[in-house]
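S.K.: Got a predicted structure here, sequence first:
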Amino acid sequence: MSALFEGYEAAPFKARRDRLSKRLDGALALVPAGGTSSRNFLAQAYPYRASSHFLYLVGLPLIDGMLVVDGDEHTLFLPKAPDDDALWHGAQPGHQEIAERTGCRVVHINRLADALGGQRVATVPAPDPITRARQSALLGREVTPGRFDEADLPLVDGLIALRSVHDEAAIGGLRRAAAVTTAAHLAAMSVTRPGMREADVRAAFDGIVVAENLEYAYGPIVTVHGEVLHNSAHGNRIDKGDLLLADVGAEAEGGWAGDVTRTWPVSGKFSTTQREFYEVVLAAEEASIEAVKPGARYRDVHLASCRALAAGLVDLGVLTGDPAELVADGVHALFFPHGVGHLLGLDVHDMEDLGDRAGYAPGRKRAEQFGLSYLRLDRDLEVGMAVTIEPGLYQVPAILEAPRFRELAKGRVNWERLRDFADVRGIRIEDDVLVTDAGREVLTAEIPKTIDALEAIVGSRA
């Protein structure tokens, strides 16, 4: 048996295709795997990852494959491997083996145009432009990311409905990603010490993820500049007095994502001001986690963090006024400018290629208020959904020094008191949370986040 099928079970994927076919309203579904892209010359390709929609329905990274779901008939249209492929890549499964293992018909991709001809076809855009161009040529219309033809909506809405609520196989994948992510964070915390570089800590994450034969779900963030929300550089020296923010998640077999952030003191001890701000963020995260339950609106989960953060900053004398009013006016967003999280699944920001149609329930749209406008999810939570909870507190000069935000504050920020917290650039605490019948399960609960637990582990292997 080919290594491609190691651990592979066809039943969950067939069940997903069957459920999807019931939602297609008589249309055919064309779901591309996507192709490879090169870094420099054609033979030097980036690591391949199939489209998440294709992985959800097939479970195998079949380069340049196309899945067609037509009622009870599921067909994979695949290219034939080059004659010398085994020389460079080892023995690869043939079409017959793929058919036997997946339960799909397998047909050469050259016959796809004839199979689609004259029929109503719904599709989703492939992640790469070459495959999207093929889709456009096959369907005689432009296939563009973020824009859907009316014919595509049964497939788009069907995928959203199915992928939003995870089945047991998906939950198993999320648990696996969470377990490796947990081990990686523990390793990174334990080696941290002053005088290292961010890259040295990143290497501790790498050691666990690589040893598990996995990839990352997204580019790791390991930085002393936590105020830069998606900081991808790892060249800074980390010194006593710095806080290190690490936003790192493993991608499990089959593509399932972990997504966790922790912030810890490089020296192993928080300063008084770092401790005070950290406790505010931890209280905000705990408030939102407590709000996660079936039927809860995710916007309200977000606002629970906002109110807790505003109340904590009022207690510290950084903000003045009623916390509810501060949140209503968006003053808290000067320090917490992003949403509290997002859906989690095969994509770390799950299904964001489908835009707000996936993230926002029908009839809901993004707010225009600064901060709230960045909320990625506004749906009512259901059993089986997975979300991240990730409030933060940042001192971003571009926000705090901007005249329009100074005007928004209207005297409700005590700038002199804020200067006492100059040793805090950014703090974020993030966990992966599964919605359950009982309320919620924190899949990443074993990663330390209380002050005492962090101070006990940081540098313990230094």
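M.R.: Everything's here; your move.
S.K.: to the chain's geometric centre, what's the distance from the helix or strand hosting Leu408?
M.R.: Using DSSP states H and E, Leu408 maps to helix 403-409. How far helix 403-409 lies from its chain's middle: 32 Å, per C-alpha atoms, centre = their mean, to the nearest Å.
S.K.: now stretch 360-371
M.R.: 20 Å.
S.K.: got the end-to-end distance for it?
M.R.: Terminal residues of stretch 360-371 lie 16 Å apart, using C-alpha to C-alpha, to the nearest Å.
S.K.: Next, the buried residues of that stretch.
M.R.: Neighbour-count burial for stretch 360-371, counted by 16 or more other C-beta atoms under 10 Å, picks out 360, 370-371. Where C-beta positions appear, they are placed from N, C-alpha and C, glycine not excepted.
S.K.: got it, and stretch 10-24?
M.R.: Quick answer for stretch 10-24 (16+ other C-beta under 10 Å): 10, 12-14, 16-17, 20-21, 23-24.
S.K.: list the buried ones in the helix holding Leu408?
M.R.: With burial defined by 16+ other C-beta under 10 Å, the residues of helix 403-409 counted as buried are 405, 408-409.
S.K.: same check, this time on stretch 121-141
M.R.: By 16+ other C-beta under 10 Å, the buried positions in stretch 121-141 come out as 121-128, 131-132, 134-135, 138-139.
S.K.: so can I have a markdown table of these showing distance to Val222 and pLDDT?
M.R.: A markdown table is the format used below for the buried residues of stretch 121-141 (distance: C-beta to C-beta, whole Å; pLDDT from 0 to 100):
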| residue | distance to Val222 | pLDDT |
| --- | --- | --- |
| Val121 | 44 | 97 |
| Ala122 | 41 | 98 |
| Thr123 | 38 | 98 |
| Val124 | 33 | 98 |
| Pro125 | 32 | 97 |
| Ala126 | 31 | 96 |
| Pro127 | 26 | 93 |
| Asp128 | 28 | 95 |
| Thr131 | 33 | 97 |
| Arg132 | 33 | 97 |
| Arg134 | 38 | 96 |
| Gln135 | 37 | 97 |
| Leu138 | 43 | 96 |
| Leu139 | 43 | 96 |
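S.K.: now the residues you listed in a markdown table, with secondary structure?
M.R.: Listed next are the buried residues of stretch 121-141 as a markdown table, based on DSSP: H, G, I helix; E, B strand; the rest coil:
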| residue | secondary structure |
| --- | --- |
| Val121 | strand |
| Ala122 | strand |
| Thr123 | strand |
| Val124 | coil |
| Pro125 | coil |
| Ala126 | coil |
| Pro127 | coil |
| Asp128 | coil |
| Thr131 | helix |
| Arg132 | helix |
| Arg134 | helix |
| Gln135 | helix |
| Leu138 | helix |
| Leu139 | helix |
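S.K.: can you put those in a markdown table and add distance to Asp85?
M.R.: Formatted as a markdown table, those follow (distance: C-beta to C-beta, whole Å):
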| residue | distance to Asp85 |
| --- | --- |
| Val121 | 30 |
| Ala122 | 32 |
| Thr123 | 28 |
| Val124 | 28 |
| Pro125 | 28 |
| Ala126 | 22 |
| Pro127 | 23 |
| Asp128 | 20 |
| Thr131 | 20 |
| Arg132 | 25 |
| Arg134 | 21 |
| Gln135 | 25 |
| Leu138 | 25 |
| Leu139 | 29 |
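S.K.: circling back: next SSE downstream of the helix holding Leu408?
M.R.: Per DSSP H and E, the helix or strand that comes after helix 403-409 is helix 415-418.
S.K.: The helix or strand that that following helix is followed by packs against which elements?
M.R.: Proceeding N to C from helix 415-418, the next assigned helix or strand is strand 426-428, under DSSP H and E. The contact analysis (3 or more C-beta pairs under 8 Å, 6 or more residues apart in numbering; DSSP states H and E) places strand 426-428 against strand 243-248, strand 260-265, helix 272-291, strand 392-394.
S.K.: tell me what the first one is packed against?
M.R.: With contacts defined as 3+ C-beta pairs under 8 Å, 6+ apart, strand 243-248 has these neighbours: helix 168-191, helix 198-211, strand 221-223, strand 260-265, strand 426-428.
S.K.: Listing partners with orientation, what would you give for it?
M.R.: Take DSSP bridges as the rule and strand 243-248 pairs in its sheet with strand 221-223 (antiparallel), strand 260-265 (antiparallel).
S.K.: Val340 and Val301 touch, don't they?
M.R.: Yes - Val340 is in contact with Val301 according to C-beta atoms under 8 Å; the separation is 6.2 Å.
S.K.: follow-up on the earlier one: what's the helix holding Leu408 in contact with?
M.R.: 329-331, 334, 370, 399 (C-beta atoms under 8 Å, 6 or more residues apart in numbering).
S.K.: now do 10 Å
M.R.: The contact list for helix 403-409 (C-beta atoms under 10 Å, 6 or more residues apart in numbering) reads 319-320, 326, 329-331, 333-334, 337, 369-370, 396, 398-400, 402, 413, 415.
S.K.: and the helices and strands packed on strand 426-428 as JSON lines, adding mean pLDDT, mean neighbour count and distance to Ala33?
M.R.: Below are the helices and strands packed on strand 426-428 laid out as JSON lines (pLDDT from 0 to 100; neighbours: other C-beta atoms under 10 Å; distance: least, C-beta to C-beta, whole Å):
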{"stretch": "strand 243-248", "mean pLDDT": "98", "mean neighbour count": "25", "distance to Ala33": "27"}
{"stretch": "strand 260-265", "mean pLDDT": "98", "mean neighbour count": "26", "distance to Ala33": "28"}
{"stretch": "helix 272-291", "mean pLDDT": "98", "mean neighbour count": "20", "distance to Ala33": "36"}
{"stretch": "strand 392-394", "mean pLDDT": "98", "mean neighbour count": "24", "distance to Ala33": "35"}
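S.K.: Can you lay out these as JSON lines showing distance to Ala29?
M.R.: As requested, the helices and strands packed on strand 426-428 are arranged in JSON lines below (distance: least, C-beta to C-beta, whole Å):
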{"stretch": "strand 243-248", "distance to Ala29": "34"}
{"stretch": "strand 260-265", "distance to Ala29": "34"}
{"stretch": "helix 272-291", "distance to Ala29": "36"}
{"stretch": "strand 392-394", "distance to Ala29": "39"}
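S.K.: ok so, going back, between Val340 and Val301, who's got more neighbours?
M.R.: A count of neighbours by other C-beta atoms under 10 Å puts Val340 above the other of Val340 and Val301, at 31 against 26.
S.K.: so which helix or strand takes in the more buried one?
M.R.: Under the assignment given by DSSP H and E, Val340 is not contained in any helix or strand.
S.K.: where does this protein dip in pLDDT?
M.R.: Along the chain, the parts satisfying pLDDT under 70 run over 1, 462.
S.K.: so what are the domain limits for it?
M.R.: 3-164, 168-457 (automatic domain parsing).
S.K.: Settle this for me: Leu344 is touching Gly384, isn't it.
M.R.: No - contact criterion C-beta atoms under 10 Å: Leu344 and Gly384 do not qualify, at 11.9 Å.
S.K.: Quickly list what's touching both of these two.
M.R.: Common contact partners of Leu344 and Gly384 (C-beta under 10 Å, 6+ apart): 166, 434.
S.K.: The residue sitting nearest the centre point of the chain and Gly258: what is the separation?
M.R.: Centrality entry for the chain: nearest residue to the mean C-alpha point is Val348, 1.5 Å, by C-alpha atoms, centre = their mean. Counting by C-beta to C-beta, to the nearest Å, the separation of Val348 from Gly258 is 8 Å.
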